[in-house]
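Enquirer: the amino acid sequence is not available; the structure is as follows:
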């Protein structure tokens, strides 16, 4: 037989033991609910119990030939439990007559351990004095050496039968139950844990006074608030707490759990678990869901009763029945006081936890799911932010492109001979500023840069007689070269050459050089992240002064040697730039535009220096070599050399 079935069998048998013969058959039929095997096992157990009881009575009962136990005459059997039998007795020694209840250890239960437990029960009762706890009056041993004790006789009914027979309403049942709470609290204050609270151990007199009985498995605590571990696990499974079933240490919170079960049964007519073992791993359903439709135990209808119980009473009972002892009421008095709040219509303490508390418990129960959901939410928020940022950047780029288009249209009108000279320089400066703010790579952007180069070339003939326009054109060409260096090298080279040509004054008699255009627009390369340059501020191209007459042979040889040095450095810079480009391409990135512009200007300046040296323009050659050397250093620095 498995543990769950044994606990169920024990629960039903213990409850049947408290009933009369007439009520027992109906009870078994209802509780077994068609489980003929269970009913058969209980009836066999009952037959064995009757046989053992009869044998013990014939052998040891003082009613067989000796109706006297000390000064008490036994009048009949009131009931019996797992350890002893209770008799109705009368003191009959001539001093006075008083009806009492006498509990005698059963003859078949004689063992050192049970005798010690029986004496302990007697001592526990002797130390208690409470109006809702049956008082002990006397004690001793029979002639056969069996221990007994005498307590006040309580003429009453078990708690559940009293309430059902009189059809007491919810409020009346709660008031009766409060008496039990305060009696149990008195036990706990005297360091006693009852451990067997159930309706059959709670009698109610005709006046409605509660009397708590049967301390046979009660246990003294070692100190206030400390736990006690029983030497065995005597209990009634249906009313036992999870820690009693599992063998864990038992505290006053175990009695609070049993009180919750008793209150549950008072309200619904049944216990929350058909299988007592289920309470180890399953939370109890709210009492309002378990109210039986076929019972007429209260004056309220089933709907009225459910409406009365749902809410506060549900919460109070479920707080008692929490599996973690520390989540229950700390004392039985707190339970009684919370029931008083319910009766007075005030807010009870057993309401559901605050949102934060419930959220924390949910997180602890579902850590993995919460972690996954949190990650999804974070990624969703990050993705939404990225999409919004991309949309903002796209809108900004579209606005800048629209501004550049508008400026190009104005430049087209400015290229007319009738346009004022001042407006040409101003329009070129505004175009340069708009171009410098245009980042990214797209076909529309490349088209705008090409249009920009064409617009600047259209204004270039006017630069010969307008120094302000010439300066603005040089700056605009340089900005255009830097911006298109990675996406359109041909356009970048053409813009740089035009800037250099405008910076150098023409030789006497020479006509202005025609503007340089890219042969073909290169297709835009894939976008590649930039590599930071050592310094994003590019040195300005110095204006080249008018040529001086050719110098001597020694000066020319010195410049030739300097040209060789700068050419060697430029070769190293070119090699570093090539490696930097290859690395960036493998990573899906691009070289920083400032580095590309420095590389382009280095080559242009070196080429111009070679031409100047060949033509004998030594001053111009020296300055261009210095420019090429500066740009070579910039490229080498970016390449990490």
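Expert: Done, it's in. Note that the structure is predicted; figures quoted are calculated from it, not measured. Numbers count the residues shown, from 1 in each chain.
Enquirer: how about the helices in the stretch 451-600 of the chain?
Expert: Using DSSP state H, counting those that start in this stretch, the helices assigned to the stretch 451-600 of the chain run over residues 467-483, 489-503, 553-586, 593-615.
Enquirer: looking at those helices, which is nearest to residue 23?
Expert: Residue 23 lies closest to helix 553-586 among the helices of the stretch 451-600 of the chain, at 90.8 Å (Cβ to Cβ). Yep, even glycine has a C-beta here, placed from its N, CA and C like the rest.
Enquirer: mind giving me the domain ranges of this protein?
Expert: 3-60, 70-153, 155-352, 393-523, 552-641 (automatic domain parsing).
Enquirer: could I get the helices of the stretch 451-600 of the chain as JSON lines with mean neighbour count and distance to residue 193?
Expert: JSON lines is the format used below for the helices of the stretch 451-600 of the chain (neighbours: other Cβ atoms under 10 Å; distance: least, Cβ to Cβ, whole Å):
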{"stretch": "helix 467-483", "mean neighbour count": "22", "distance to residue 193": "86"}
{"stretch": "helix 489-503", "mean neighbour count": "22", "distance to residue 193": "91"}
{"stretch": "helix 553-586", "mean neighbour count": "15", "distance to residue 193": "77"}
{"stretch": "helix 593-615", "mean neighbour count": "22", "distance to residue 193": "83"}
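Enquirer: ok, which of these comes nearest residue 135?
Expert: Checking the helices of the stretch 451-600 of the chain against residue 135 by Cβ to Cβ gives helix 553-586 as the closest, at 95.3 Å.
Enquirer: which strands and helices lie in contact with the closest one?
Expert: If you count contacts as 3 or more Cβ pairs under 8 Å, 6 or more residues apart in numbering; DSSP states H and E, helix 553-586 packs onto helix 593-615, helix 618-638.
Enquirer: quick one, the shortest one and helix 593-615 angle?
Expert: Angular relation of helix 618-638 and helix 593-615 on a 0 to 180 degree scale: 150 degrees, by axes from the mean of the first three to the mean of the last three Cα atoms, to 10 degrees.
Enquirer: got the buried residues for helix 618-638?
Expert: Across helix 618-638, burial judged by 16 or more other Cβ atoms under 10 Å covers 618-625, 627-638.
Enquirer: tell me the buried residues in stretch 165-178?
Expert: For stretch 165-178, the neighbour count (16+ other Cβ under 10 Å) marks 168, 170, 173, 174, 176, 177, 178 as buried.
Enquirer: take the domains of the chain and write them to TSV, including distance to residue 364.
Expert: Formatted as TSV, the domains of the chain follow (distance: least, Cβ to Cβ, whole Å):
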stretch	distance to residue 364
domain 3-60	28
domain 70-153	40
domain 155-352	12
domain 393-523	42
domain 552-641	44
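Enquirer: distance to residue 382 and mean pLDDT added to those, as JSON lines?
Expert: Below are those laid out as JSON lines (distance: least, Cβ to Cβ, whole Å; pLDDT from 0 to 100):
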{"stretch": "domain 3-60", "distance to residue 382": "51", "mean pLDDT": "72"}
{"stretch": "domain 70-153", "distance to residue 382": "65", "mean pLDDT": "80"}
{"stretch": "domain 155-352", "distance to residue 382": "35", "mean pLDDT": "83"}
{"stretch": "domain 393-523", "distance to residue 382": "16", "mean pLDDT": "71"}
{"stretch": "domain 552-641", "distance to residue 382": "21", "mean pLDDT": "84"}
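Enquirer: those: which one's closest to residue 378?
Expert: Evaluated with Cβ to Cβ, the domains of the chain place domain 393-523 nearest to residue 378, the distance being 22.2 Å.
Enquirer: now do the strands in the protein.
Expert: 68-69, 72-80, 84-91, 99-105, 136-141, 147-152, 156-158, 192-193, 202-205, 210-212, 219-220 (DSSP state E).
Enquirer: and the helices and strands packed on helix 553-586 as JSON lines, adding distance to residue 187?
Expert: Shown next, in JSON lines, are those (distance: least, Cβ to Cβ, whole Å):
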{"stretch": "helix 593-615", "distance to residue 187": "87"}
{"stretch": "helix 618-638", "distance to residue 187": "87"}
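Enquirer: so what's the residue count around the residue nearest to residue 32 when sequence neighbours are not counted?
Expert: Spatial nearest neighbour of residue 32, chain neighbours left out: residue 39 (4.1 Å); criterion: Cβ to Cβ, 6 or more residues apart in numbering. By other Cβ atoms under 10 Å, the residues close to residue 39 number 17.
Enquirer: swap in residue 304?
Expert: Applying other Cβ under 10 Å, we find 13 residues neighbouring residue 304.
Enquirer: and it, how far is that from residue 263?
Expert: According to Cβ to Cβ, to the nearest Å, residue 304 and residue 263 sit 19 Å apart.
Enquirer: residue 410 and residue 426 touch, don't they?
Expert: No - at 9.7 Å, residue 410 and residue 426 do not qualify as touching, with contact defined as Cβ atoms under 8 Å.
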